[in-house]
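J.: Predicted model and sequence follow; I will ask about them next.
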Amino acid sequence: MKKIDKERLLLGIAAPVLAIVVAFLVTALVLAATGKEPFSAFGIMFDYGLKSDSQVYILNKATTYYLAGLAVAVGFRMNLFNIGVDGQYRLAAFFAAAVGGALTLPGALQIPLIILTAMIVGAMWAGIAGVLKVTRGVSEVVSTIMLNAIATAVIGYLLQQGRLGHLDEAGTKISTKPLPESSHFFEFPTTPSPVWGFIVVAVVAGVAYWFTLSRTRFGFDLRTVGQSGSAAEASGVDVKKMVITSMLISGAVAGLIGMPTLLNDSYEYSGDFPVGIGFTGIAIALLGRNHPVGIALGALLWGFLERGTGKLEFEGYDKEIVGVIQGVIVLCVVIAYEVVRRFGLKRQQSKVGAELAAQAARNNDQQEVSA
Amino acid sequence: MELRGITKRFPGVVANHDIDITVRRGTVHALVGENGAGKSTLMKILYGMQKPDEGTIAVDGEQVSFHNPGDAIARGIGMVHQHFMLADYLTVLENVVLGSEKLYGIGDRARAKIKEISDSYGLGVRPDAMVEDLGVADRQRVEILKVLYRGARTLILDEPTAVLVPQEVDALFDNLRELKAEGLTVIFISHKLGEVLSVADEITVIRRGTTVGTADPKSTTTKQLAELMVGSELPSPETRESTVTDVPMLTVDGMRLSATDPDGVVRSVLDGIGFTIHKGEVLGIAGVEGNGQSELVDAIMGMRQLDAGTVTLDGADISRTPTRKRREDGMGVIPEDRHRHGLLLEAPLWENRILGHVTERPNSKGAFLDLKGARADTERIVREYDVRTPGIDVTAASLSGGNQQKLIVGREMSHDPKLLIAAHPTRGVDVGAQAQIWDQIREARREGLAVLLISADLDELIGLSDTLRVMYRGRLVADADPATITPEELGSAMTGAATGHLEAPDDSGAEGAESADSTDTDPRNGGEDR
């Protein structure tokens, strides 16, 4: 059966590659339509995007994106569309920053405490949607979107002086109280700028995700629900419990998204804390087919695109072009996966049919010979 | 209309082969066959929903090829589906003109046309009634009118009586006779032999995907027709020696289950269900589909909460036990709809082998999956249960129905079940696989397995069961001894015409202590007990 395995791998890679190629073609057309020369633009992107400082930038960005992709993928594997990753990670990062700023414990204690706070807050926020879904039948798409808005409002309310806000010395910026030096996460001393140590946590999270899904009973149940809710129920999975559990996990992973920025870069939560990464996570999970390695590649690609197109701005191109490429990639990916999936399934069906027919024919021949 | 040599293949299975049918104009032509015999596929071909791989279709002597239902409609062929396709919140008029606005407009002209059709065939359809207010029989007449409105001269009715009560069936047959008198042709699909004999002018029998003969309803009995349908050369499901012990394995007592339908009305789907299956016993449940059989299975599996009653498995009360625990405790299930409840179609075979038994060896050790063990055991199932597949890494979807079913049977049998729930275990399964599945059930029964068998195939029920019960409207209304009962008698009990203990009229040896109604009631006359 090695043959079909290889084929499946090929089909698996075919879709994203196809999507990316088409996306670049469409982008080239858009560039050409705006009267710019497309290929030199790509040249600039690749040139600049592969420089060593860009490499560091991409790795750091990808760390955040990877965690976002994982958080979304946990839901996807169960057919849950957790759009609320965005609100979950912002709220989680905010409270984690507040807790971290208020305490001055040794780093070995405080850093895990900050991370744990973030994961719990993320899980609770996502859990609300899970509970609503199983008890009241509220679609998680609707509830998580609304929870995003509520998260924004909650942060806005609490991030004020006298509450959890803290005015900096210049008196221009309001943020949570900065983390003490001891709570800064380690860095890899690369040049020109360091690679965030949180990349290690991201890798661990990826391995844990893979192991849980493909090697544990719990993961099997989760995938079963995702593939067929009715079969899962008949097989004895408590689907309601599963919905809540996976929302909690998705939220907990979402809680990690803000951590690389908080512990390795900003050390505080303020108005300029990155937003919208939850939605990026959806695109990356789609691109990576919910596979831990695929998500990693998707996250790196996303970082690369942002970095490369950032340079374009200085070369007279519109920087919105990055949005075009990303949008087109997501669109192409969704289409390409479905096309490839159907093609693969059909192909396998006819192949199995043909192989069995050949087997049957052989058996008949043998019978005739022996008769 | 003539069909010649129609063949349709699906991956790994031939649904139809060498179908030959001639339907004469102005007749009611019945097409009979068991579930899974290939009737529906044939009708889809005739209505342009699927294309045949081989063979020709001729209408009025002219060869045609249909690419979609539109082509068939243009040729005057219309279909009344088993499940109605009506919009509840529109009026009859709106439903009828929907999609055919160009024919007679959407106003008074259309209303007049509907009136005209309704009057000339005695359909009694009111154009301005809301569809949601109509009963099932009225809805069916609207469907028929819809087809006629589009100019159909040939009507295909797919199991039209399945949803009707006997009086409605009579009314429908009167309508069909009107249509016939006006020169229209009706193709009538059914597996209810009594009905077929009373309404059809000609009968074609389909078995295992091919036409096996035609019959003249005037000179044929239901018994002869049943023999044609089942085929005497087929492996018989009969079990010989009794293996029934007196150790109860599954006891259901006073089970009641109610459900809320879409209109918000709570009705009871199971009521007063009680039976015991002993070790080594096969209890067969007969009944027209939709009389509570699926709900019974769900309830025993623990997928639905009982409103009242208890379920006892091997001496332990499991009425409140979750499904997974019940399965671990030895409940094997061959589900009615294997695609929805028994398989992960896009997952490889070895993952399907884990499904439903993820907590048990060899699939897992503690909280972790044992991939090696599961794969090795899948190989064993494939070998021992003769699952025809090139390997265990192909998806379940790429196997034929029979092989999928053999995998499921193998999986469920591999965990030494105490109780096997087998719902339509041989539906849509080819002859060879059918015989194997029967053998496996028999063998397991010899080893002391208790089996709850639910089937629409009456011969299978009679042949495999040690005890028979008849289910009607959520109740067990009759019981019978499989040694003496015939499919016809069982069939009439399934319509609710007979209750109590069923006895063959010509068999004096049956123990008829609590015998109630007669068993020779024609299904069409039945239903007084409602």
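T.: Received, thanks.
J.: Buried residues of the host helix or strand of residue B:117, list them for me.
T.: Using DSSP states H and E, residue B:117 sits within helix B:108-120. Going by neighbour count (16 or more other Cβ atoms under 10 Å in any protein chain shown), the buried part of helix B:108-120 is B:110-111, B:113-114, B:117-118. Quick note: C-beta positions are derived from backbone N, CA and C, even for glycine.
J.: ok, now stretch B:194-209?
T.: B:194-197, B:199-209.
J.: And the residues you listed, which is closest to chain A?
T.: residue B:209 (15.9 Å; Cβ to the nearest Cβ).
J.: next one: phi and psi at that closest one?
T.: Backbone torsions for residue B:209, taken as degrees, to the nearest 10, come to phi 80, psi 0.
J.: Now it: closest residue in space that isn't a chain neighbour?
T.: residue B:38 (4.0 Å; Cβ to Cβ, 6 or more residues apart in numbering or on different chains).
J.: What about the one you found, how many residues nearby?
T.: 25 (other Cβ atoms under 10 Å in any protein chain shown).
J.: Would you mind measuring from it to residue A:175?
T.: According to Cβ to Cβ, to the nearest Å, residue B:38 and residue A:175 sit 72 Å apart.
J.: from the buried residues of stretch B:194-209, which ones fall inside strands?
T.: Using DSSP state E, the subset of the buried residues of stretch B:194-209 located in strands is B:202-207.
J.: now those in CSV, with pLDDT?
T.: Shown next, in CSV, are those (pLDDT from 0 to 100):
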residue, pLDDT
B:202, 88
B:203, 88
B:204, 87
B:205, 85
B:206, 82
B:207, 76
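J.: Does the residue positioned nearest the centre of chain A fall in a helix, a strand, or a coil region?
T.: Geometric centre of chain A, nearest residue: residue A:69, 0.7 Å, by Cα atoms, centre = their mean. For residue A:69, the assignment made with DSSP: H, G, I helix; E, B strand; the rest coil gives helix.
J.: so who does it touch?
T.: A:281, A:284-285, A:288, A:295, A:298-299 (Cβ atoms under 8 Å, 6 or more residues apart in numbering or on different chains).
J.: same check, this time on residue B:475
T.: B:270-273, B:292.
J.: for residue A:317, same thing?
T.: With Cβ under 8 Å, 6+ apart, residue A:317 has these contacts: A:31, A:36, A:41, A:309.
J.: farthest pair in these?
T.: A:36 and A:309 (12.7 Å; Cβ to Cβ).
J.: And those two? Which one has more around it.
T.: Between residue A:36 and residue A:309, counting by other Cβ under 10 Å, residue A:309 is the more crowded of the two (25 against 17).
J.: The more buried one in helix, strand or coil?
T.: Applying three-state DSSP: residue A:309 is helix.
J.: Isn't it up against residue A:321?
T.: Yes: taking Cβ atoms under 8 Å as the definition, residue A:309 is a contact partner of residue A:321 at 5.7 Å.
J.: And for residue B:181, the neighbour number?
T.: Around residue B:181 there are 10 residues (other Cβ under 10 Å).
J.: An error on my part: the question was meant for residue A:18.
T.: When neighbours are counted by other Cβ under 10 Å, residue A:18 comes out with 17.
J.: which of the residues in the helix or strand encompassing residue A:25 are buried?
T.: Per DSSP H and E: residue A:25 is located in helix A:2-33. Buried positions in helix A:2-33, judged by neighbour count with 16+ other Cβ under 10 Å: A:4, A:11-12, A:14-16, A:18-20, A:22-24, A:26-28, A:30-31.
J.: Stretch B:249-256 too?
T.: So stretch B:249-256, judged by 16+ other Cβ under 10 Å, has buried residues B:249-252, B:255-256.
J.: Quick check: closest non-adjacent residue to residue B:8.
T.: residue B:16 (4.4 Å).
J.: contacting residues for that neighbour?
T.: Residue B:16 neighbours (Cβ under 8 Å, 6+ apart): B:6-8, B:38, B:41-42, B:45, B:52, B:209-210.
J.: Looks like residue A:308 contacts residue A:46 (just checking).
T.: Yes: contact status for residue A:308 versus residue A:46: in contact at 6.8 Å, counting by Cβ under 8 Å.
J.: Which of the two has more residues huddled nearby?
T.: More neighbours surround residue A:308 than the other of residue A:308 and residue A:46, with 23 against 11 (other Cβ under 10 Å).
J.: That one and chain B, how far apart?
T.: 36 Å (Cβ to the nearest Cβ, to the nearest Å).
J.: element containing whichever residue of chain B sits closest to chain A?
T.: Among the residues of chain B, residue B:324 lies closest to chain A, at 3.1 Å counting by Cβ to the nearest Cβ. Assigned by DSSP H and E, residue B:324 belongs to helix B:323-328.
J.: What mean pLDDT does that helix get?
T.: Averaged over helix B:323-328, pLDDT sits at 87.
J.: so what does it touch, helix or strand wise?
T.: helix B:293-301 (3 or more Cβ pairs under 8 Å, 6 or more residues apart in numbering or on different chains; DSSP states H and E).
J.: Next SSE downstream of the helix it packs on?
T.: strand B:308-313.
J.: List the strands paired with that next one, with their directions.
T.: strand B:248-260 (antiparallel), strand B:316-317 (antiparallel) (DSSP bridges).
J.: I'd like the ones you listed as JSON lines, with distance to residue A:252 and mean pLDDT appended.
T.: Shown next, in JSON lines, are the strands paired with strand B:308-313 (distance: least, Cβ to Cβ, whole Å; pLDDT from 0 to 100):
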{"stretch": "strand B:248-260", "distance to residue A:252": "36", "mean pLDDT": "84"}
{"stretch": "strand B:316-317", "distance to residue A:252": "38", "mean pLDDT": "86"}
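J.: can you pull the buried residues of stretch A:92-110?
T.: Applying 16+ other Cβ under 10 Å to stretch A:92-110 flags A:92-101, A:103, A:107, A:110 as buried.
J.: Next: stretch B:177-192.
T.: B:179-180, B:184-192.
J.: Would you agree residue A:295 is in contact with residue A:73?
T.: Yes: proximity of residue A:295 to residue A:73 meets the contact threshold set by Cβ under 8 Å, at 6.1 Å.
J.: Next, show the common contact partners of these two.
T.: Joint contacts of residue A:295 and residue A:73 (Cβ under 8 Å, 6+ apart) are A:285, A:288.
J.: what's the burial count for whichever residue of the stretch 201-350 of chain A sits closest to chain B?
T.: Closest to chain B within the stretch 201-350 of chain A is residue A:236: 3.1 Å, counting by Cβ to the nearest Cβ. Using other Cβ under 10 Å, residue A:236 has 25 other residues around it.
J.: Go ahead and confirm it touches residue B:327.
T.: Yes: contact criterion Cβ under 8 Å: residue A:236 and residue B:327 qualify, at 5.0 Å.
J.: Find residues that contact each of these two.
T.: residue B:356.
J.: where are the low-confidence patches of the chain?
T.: Answering for chain A, as no chain was given. A:1-5, A:357, A:359-371 (pLDDT under 70).
J.: To clarify, I was referring to chain B.
T.: In chain B, residues with pLDDT under 70: B:9-15, B:34-37, B:162-167, B:191, B:230-241, B:261-264, B:428, B:430-432, B:496-498, B:503-530.
J.: Enumerate every residue touching the nearest residue to residue B:69 once chain neighbours are set aside.
T.: Leaving aside its chain neighbours, residue B:69 sits nearest to residue B:48 (4.8 Å; criterion: Cβ to Cβ, 6+ apart). Residue B:48 is in contact with B:66-72, counting by Cβ under 8 Å, 6+ apart.
J.: Using the three-state scheme, assign residue B:48.
T.: Here residue B:48 is recorded as coil under three-state DSSP.
J.: Figure out how far the helix holding residue B:324 is from the centre of its chain.
T.: 27 Å (Cα atoms, centre = their mean, to the nearest Å).
J.: So what are the structural domains in chain A, by residue number?
T.: A:1-36+A:320-371, A:63-316 (automatic domain parsing).
J.: quick one: the strands in chain A?
T.: In chain A, the segments counted as strands under DSSP E are A:166-167, A:174-175, A:187-188, A:195-196.
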